[in-house]
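*Asks:* my questions concern the predicted model and sequence given below.
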Amino acid sequence: MTKNMLRVLGSVSIILLTGCSVNNNLTFSTQNGNCPGGQTNAPYCLAVTVQNNGGGQNYVSSTNYPISGLTVSVTGASNLLTPSSNSSMDPNGCTTNSLNPGSLCTFYLQLDQEANAVATSLPITVTLNYSINTNLFGAGTGSNYSSQFTAHETTNLYVVQSPNGSNQAYVNIYNSGGINGISTMESQSAPVSIAMDTSSFGYLYLATGSGLWSYGNGNGMQASSESGATNMNNIFTNQSSPLESATSPTTMYGTSGGQIYQYTFSSQSWSSLVTGLTNAATNINAVSPTGIIFLTAINGGQVYSCSTGGSSSGCVNEGVSLSGTVNDMAILTSTPTGFTGIYVATNGGLFAESGTAYATTNTWSQVNLGNLQVNVLTADGVGNIYAGGNNGNLWYVNSTAPLVVNVINGISGNINSLVYDNFGGILYATAGNQLYSCTMSTCTLLGTLGTSSVMGMTIGSSLTN
């Protein structure tokens, strides 16, 4: 028999358990953002500390006892690491050692990938089973007990904004609670681009002139830097960027000083991959399913394909040069016949690359929206490219008809950011500081984000008590 009392104090929750016929007071507390590797403010992590009778051993006639055989089980989440599924979540041996009266032990829960739609908040029931060793001093045989608490996995849409000419970046979060206001991410140098870790700790990363910043649980922090990678032109993940999908990227790339660097999320460390880029300043990117990096030069119309493997490491022209500046780039998950799947947005329209990928002689075919300006692109996981332009123009192209656009209505203003939520089947768009959710035919206004311009959006979850 158990009796549970739940008390919430800030980000810490405490559960008091009293077992019948014994005098053990078993307390569980949780701390948002703490990971087994020592990371803090990590949205994917939750620390759980269990204490066996905080007052220690009672007098002999009212004894409490050691506990042992602690096991942890969860329901409500398929993407959660626990001590029972991954030993690294129990660095202190809570599930393998006895816990004496007055002692405490901390284990961890950690998300390992995305699994839910934006604006969902799923309750996760965490059950702790254990034995109280009541045979101590001949007091009888051991008894089994259990207790539960509820955590929540909330999937967020992060919208990063920066006032024009400012050295500050702000984060708006849209989730099940609506638009949650704005918080500062960094205030040292002008932000350039963003990327999301959805395989290790759930940090949002920001590239700036002073290096790399990370953001989690309302806190911005200076992240690890590589010598020479202090002035970041761009960061992007190793999936078909800017594709948001169930595939969890394990690494991120950054361009700086004529080099491509690789950042490993799990170790939070940089390594140099490619040196001597054709053009040192690169601002638009996409990573193909085969691992080839595609880049374009700032204020230029040339696309480059960059190999990071062995003696062939380096960048070469990808197709012929386009007329005008490339504003954005995306790659279809399914390649149409006769095309590479690469699309580029320009001030003079939307173009698809014809031919076989990684050929310098490939040409660019214009999609049938004419010479209208296209500002931003994104892709989904089912063969669509979405394109946003000025005056509320929003289109999509399907891989079955790679040069034909379909119109999505309902937005006013110039579109400056797009991201697709594959789990929810929703396209999110911003125009000015207005946030919209879109189906394949129409968009609905969700609300106002703030007064600064939007520089990018991405999706990531958080685990809280």
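*Replies:* Ah, there it is.
*Asks:* I figured Gly348 hits Val367, correct?
*Replies:* No: using C-beta atoms under 8 Å, Gly348 is not in contact with Val367, being 11.4 Å away. Yep, even glycine has a C-beta here, placed from its N, CA and C like the rest.
*Asks:* which of those two has more residues huddled nearby?
*Replies:* Val367 (20 against 17; other C-beta atoms under 10 Å).
*Asks:* chain neighbours aside, what residue packs nearest to that one?
*Replies:* In this structure, Val367 finds its nearest non-sequential neighbour in Leu350, 4.2 Å apart by C-beta to C-beta, 6 or more residues apart in numbering.
*Asks:* distance from the chain centre to the lengthiest strand in the chain, please.
*Replies:* Longest strand in the chain, counting residues (DSSP state E): strand 143-162. Relative to its chain's centre, strand 143-162 lies at 15 Å (C-alpha atoms, centre = their mean, to the nearest Å).
*Asks:* same deal with stretch 262-275?
*Replies:* Centroid displacement of stretch 262-275 relative to its chain, using C-alpha atoms, centre = their mean, is 17 Å.
*Asks:* next one: stretch 348-364
*Replies:* Its chain's C-alpha centre lies 31 Å from the corresponding centre of stretch 348-364 when counted by C-alpha atoms, centre = their mean.
*Asks:* returning to that earlier point: within its sheet, name the partner strands of the longest strand of the chain and how each one runs.
*Replies:* strand 121-132 (antiparallel), strand 169-175 (antiparallel), strand 453-464 (antiparallel) (DSSP bridges).
*Asks:* buried sites along that strand?
*Replies:* Buried residues in strand 143-162, counted by 16 or more other C-beta atoms under 10 Å: 143, 145, 147-149, 151-162.
*Asks:* mind checking how far the nearest residue to Gly383 once chain neighbours are set aside is from Phe339?
*Replies:* Leaving aside its sequence neighbours, Gly383 sits nearest to Ser399 (C-beta to C-beta, 6+ apart; 3.9 Å). Ser399 is 8 Å from Phe339, where distance means C-beta to C-beta, to the nearest Å.
*Asks:* these two: which is more packed in?
*Replies:* Phe339 (20 against 17).
*Asks:* quick check: that one vs Gly355, distance?
*Replies:* Phe339 is 8 Å from Gly355, by C-beta to C-beta.
*Asks:* ok, Met196 touching Ile459?
*Replies:* Yes: taking contacts as C-beta under 8 Å, Met196 lies within contact range of Ile459: 6.9 Å.
*Asks:* need the overlap of contacts for these two.
*Replies:* Each of Tyr158 lies in contact with both Met196 and Ile459 under the rule C-beta atoms under 8 Å, 6 or more residues apart in numbering.
*Asks:* for Ile182, list each beta-bridge partner.
*Replies:* Counting by DSSP bridges, Ile182 forms beta bridges with Asn172.
*Asks:* low-confidence ranges in the stretch 301-450 of the chain?
*Replies:* Along the stretch 301-450 of the chain, segments meeting pLDDT under 70 span 308-313.
*Asks:* how about 90 then?
*Replies:* Where the stretch 301-450 of the chain drops to pLDDT under 90, the residues are 301-318, 323-325, 331-335, 356-359, 380-382, 450.
*Asks:* mind listing the strands for the stretch 151-300 of the chain?
*Replies:* 169-175, 178-186, 191-196, 204-208, 211-216, 219-222, 234-237, 251-256, 259-264, 269-275, 282-287, 293-297 (DSSP state E, counting those that start in this stretch).
*Asks:* for Tyr44, which of those is the nearest?
*Replies:* strand 211-216 (8.6 Å; C-beta to C-beta).
*Asks:* what does the closest one contact?
*Replies:* With contacts defined as C-beta under 8 Å, 6+ apart, strand 211-216 is touched by 33, 41-43, 169, 171, 185-186, 201-206, 220-225, 229-232, 235, 254, 263.
*Asks:* which PyMOL command selects the buried ones in the residues you listed?
*Replies:* Entered in PyMOL, the line below selects the buried ones among these, by 16+ other C-beta under 10 Å:
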select buried, resi 33+41+42+43+169+171+185+186+201+202+203+204+205+206+220+223+225+229+231+232+235+254+263
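*Asks:* would you confirm that Ser272 contacts Gln259?
*Replies:* Yes: using C-beta under 8 Å, Ser272 is in contact with Gln259, at 5.9 Å.
*Asks:* of the two, who's got more company?
*Replies:* In this view Ser272 and Gln259 are compared by other C-beta under 10 Å, and Gln259 has more residues nearby, 17 against 14.
*Asks:* measure the nearest residue to that one once chain neighbours are set aside to Cys306 for me?
*Replies:* Excluding its sequence neighbours, the residue lying closest to Gln259 (C-beta to C-beta, 6+ apart) is Thr275, at 5.0 Å. Distance, Thr275 to Cys306, by C-beta to C-beta: 11 Å.
*Asks:* before we move on, what about Ile293?
*Replies:* From Ile293 over to Cys306 the distance is 4 Å, taken as C-beta to C-beta.
*Asks:* list the residues that contact both of those two?
*Replies:* Joint contacts of Ile293 and Cys306 (C-beta under 8 Å, 6+ apart) are 260, 274.
*Asks:* so which of the strands paired with strand 143-162 comes closest to Val74?
*Replies:* strand 121-132 (5.4 Å).
*Asks:* return the set of buried residues in the closest one.
*Replies:* Within strand 121-132, the residues that count as buried by 16+ other C-beta under 10 Å are 121, 124, 126, 128, 130-132.
*Asks:* of the residues you listed, closest to Val320?
*Replies:* Nearest to Val320 out of the buried residues of strand 121-132 is Ser121 (C-beta to C-beta; 48.8 Å).
*Asks:* report the beta-bridge partners for the closest one.
*Replies:* Bridge pairing for Ser121 - DSSP bridges - gives Thr154.
*Asks:* that one touches Asn175, doesn't it?
*Replies:* Yes: contact criterion C-beta under 8 Å: Ser121 and Asn175 qualify, at 6.9 Å.
*Asks:* what residues are shared contacts of those two?
*Replies:* With C-beta under 8 Å, 6+ apart as the test, Ser121 and Asn175 both reach 154-155.
*Asks:* tell me, how many neighbours does Thr337 end up with?
*Replies:* Other residues close to Thr337 by other C-beta under 10 Å number 6.
*Asks:* one more: the one 3 residues further on?
*Replies:* By other C-beta under 10 Å, 23 other residues sit near Thr340.
*Asks:* export the helix or strand that it is a member of to PDB, keeping only CA atoms.
*Replies:* Here Thr340 sits within strand 339-346, counting by DSSP states H and E. Extracted as PDB, the C-alpha positions of strand 339-346 are listed here (Å, rounded to 0.1, in the frame of the first residue of the first chain):
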ATOM      1  CA  PHE A 339      16.300  16.500 -61.900                       C
ATOM      2  CA  THR A 340      18.600  16.400 -58.900                       C
ATOM      3  CA  GLY A 341      16.000  17.500 -56.300                       C
ATOM      4  CA  ILE A 342      17.900  20.700 -55.600                       C
ATOM      5  CA  TYR A 343      15.800  23.900 -55.600                       C
ATOM      6  CA  VAL A 344      17.000  27.500 -55.200                       C
ATOM      7  CA  ALA A 345      15.000  30.700 -54.400                       C
ATOM      8  CA  THR A 346      16.100  33.900 -56.100                       C
END
